[in-house]
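Visitor: A predicted structure for the sequence below; I have some questions about it.
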Amino acid sequence: MAGISYADFLDRDYDPAADDLVCEFAVEPADGLDVDAVAGRVASESSNGTWAELQVEGTITDLSARAFDVSEGRVRVAYPDALFEPGSMAQVLSCIAGNIMGMKAVDRIRLLDCEWPESLARSFPGPQFGSSVRAELFDAGERPITASVPKPKVGLSTDQHARIGYEIWTGGVDLLKDDENLTDQGFNSYEDRLTESLAMRDRAEDETGEKKSYLVNVTGPGPEMLERVDLAAEHGCEYVMVDVITAGWGMVEQVRDRCERHGLAIHAHRAMHAAFDRVPNHGVSMRVLAQIARLCGVDQLHTGTAGLGKLENEDTAGINEWLTSDLHGLTDVLPVASGGLHPGLVPDLLDALGTNLAVQVGGGIHGHPDGSHAGAKAFRAAIDATVEGRSLSAAAEDSPELATALDRWGTQGTR
Ligand SMILES: O=C(COP(=O)(O)O)[C@H](O)[C@H](O)COP(=O)(O)O
Ligand SMILES: [Mg+2]
């Protein structure tokens, strides 16, 4: 028998094994504690220690995490592979972002980044399609794919929603998208919306000769979500949309599994992410949330607008780079820029984020003085011009809709 206490979880000489999960935390020690004391507590509480000294025997300490790289305000912790249930994001997060977030020993603690070893990463499915949808589904060439969410975000009837779909699709947008809080309400039921919107999609495809699709929000009570996925496939949709944070990662894993049976792609909306990542130095970074989403297998993920739109963003470009770089052979994720965008922001957006992207616009299309169809044309004109290297003012000479959008919103960011 040997005693283990917090201090035993700090080991500056530890050299992480190839299959360790290494997590980087920012920590602000509470009054009276130094960073070493906090580092031991973080590794302990997130693996197999507690506040009291425990008498343990055998190899149980093989499952202990080790704080090995400790500097002012920063701690890196290595977690042994055997600590984790393969393929269970809920279990992984209960370790690395669980009790430690509420420890009195720290005033603030933020999980900043993770280095995912191959064994753990490959125990998750990863995306099925990722950024290949741009070429494979939409034949989009060099341009980003485009999406639009009808506004007002809730309250439109099914008929109004589907009609707006028709207007934006025929105006040149690729994807109609449900909003995060539109699911299956009395004013616009899931199944009616799905069938009526897809009927409009078929019409828009016939008229434009372009592929169109629909990001239908399947978020809901657990078993219902899977039924909604089945319905989306039955009715010939290529995607489902999931509010991944509010639905929970276990549910995302189930949806991913069901989508594979049907060959459906997953668009991930991140509503509520800011509850985890907005307060500086506390919570879980958007970078880590994006990593989790990729492992769980979403194909598209909202990652912000590089500060141009209406919502706070954390390092959109860095997160997008991570999502589109190799991760032990897992498929990439197509980043989605959304939130307060309008046509005048497209050049700065693509300059900051490149074109391997989906760009999603709500108010910047439906707030167009001449309506949603004109708004969609203005947005598409801005995308095409930017990709072709033309200025918006030059493009506006050929596109009265773009000229009107630029008169209304200029090229300024939103808030
Ligand atoms: O409704 C919108 C965008 O509407 P609008 O285009 O009118 O602003 C989305 O929910 C945001 O994408 C969320 O933000 P993020 O993409 O940052 O998660
Ligand atoms: Mg929204």
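Guide: Sure thing, it's come through. Ligands and ions are numbered 1, 2, ... in the order given.

Visitor: make it CA atoms for all contacts and neighbour counts henceforth
Guide: Fine.

Visitor: do stretch 209-229 and ligand 1 meet at all?
Guide: No: Stretch 209-229 is not in contact with ligand 1 by Cα under 6 Å from any ligand atom; minimum separation 11.9 Å.

Visitor: next one: that stretch to chain centre, how far?
Guide: 17 Å (Cα atoms, centre = their mean, to the nearest Å).

Visitor: ok, and for that stretch, which residues are buried?
Guide: Within stretch 209-229, the residues that count as buried by 16 or more other Cα atoms under 10 Å are 210-220, 222, 225-226, 228-229.

Visitor: Among those residues, which ones are in strands?
Guide: 213-215 (DSSP state E).

Visitor: So which of those residues is the closest to D184?
Guide: L215 (14.2 Å; Cα to Cα).

Visitor: Count the neighbours of the closest residue to the closest one other than its chain neighbours for me.
Guide: Distances taken as Cα to Cα, 6 or more residues apart in numbering put K177 closest to L215, at 4.5 Å, once the chain neighbours are dropped. By the measure other Cα atoms under 10 Å, the count of residues near K177 is 22.

Visitor: thinking again about what came up before, farthest pair within the buried residues of stretch 209-229?
Guide: Checking those with Cα to Cα, the most distant pair is E210 and G222, at 34.4 Å.

Visitor: distance of K104 from G32?
Guide: 11 Å (Cα to Cα, to the nearest Å).

Visitor: what's the answer for V240, then?
Guide: Taking Cα to Cα, one finds V240 at 50 Å from G32.

Visitor: Tell me which of the two has more neighbours.
Guide: When V240 and G32 are compared for neighbours, V240 comes out ahead with 26 against 7, by other Cα under 10 Å.

Visitor: Do you have the strands of the stretch 201-350 of the chain handy? List them.
Guide: Applying DSSP state E, counting those that start in this stretch to the stretch 201-350 of the chain gives strands spanning 213-215, 239-243, 265-269, 283-284, 300-302, 334-338.

Visitor: S372: what's its closest spatial neighbour, skipping adjacent residues?
Guide: H366 (4.5 Å).

Visitor: picking that back up, nearest to A26, out of the strands of the stretch 201-350 of the chain?
Guide: Checking those against A26 by Cα to Cα gives strand 283-284 as the closest, at 9.7 Å.

Visitor: Tell me the first helix or strand C-terminal of whichever strand or helix holds A39.
Guide: Using DSSP states H and E, A39 sits within helix 35-45. Next in sequence after helix 35-45, counting helices and strands by DSSP H and E, comes strand 54-56.

Visitor: Next up, the contacts around Q291.
Guide: Going by Cα atoms under 8 Å, 6 or more residues apart in numbering, Q291 touches L323.

Visitor: Roughly how far does it sit from ligand 1?
Guide: 15 Å (Cα to the nearest ligand atom, to the nearest Å).

Visitor: Spell out which parts of the chain neighbour ligand 1.
Guide: Going by Cα under 6 Å from any ligand atom, the residues of the chain near ligand 1 are 179-180, 270-271, 302, 304, 311, 337-341, 361-363.

Visitor: and the residue in the stretch 151-300 of the chain that ligand 1 sits nearest to, how many neighbours does it have?
Guide: Proximity to ligand 1, evaluated over the stretch 151-300 of the chain using Cα to the nearest ligand atom, is greatest for R270 at 5.1 Å. Each residue near R270 was counted by other Cα under 10 Å, and the total is 22.
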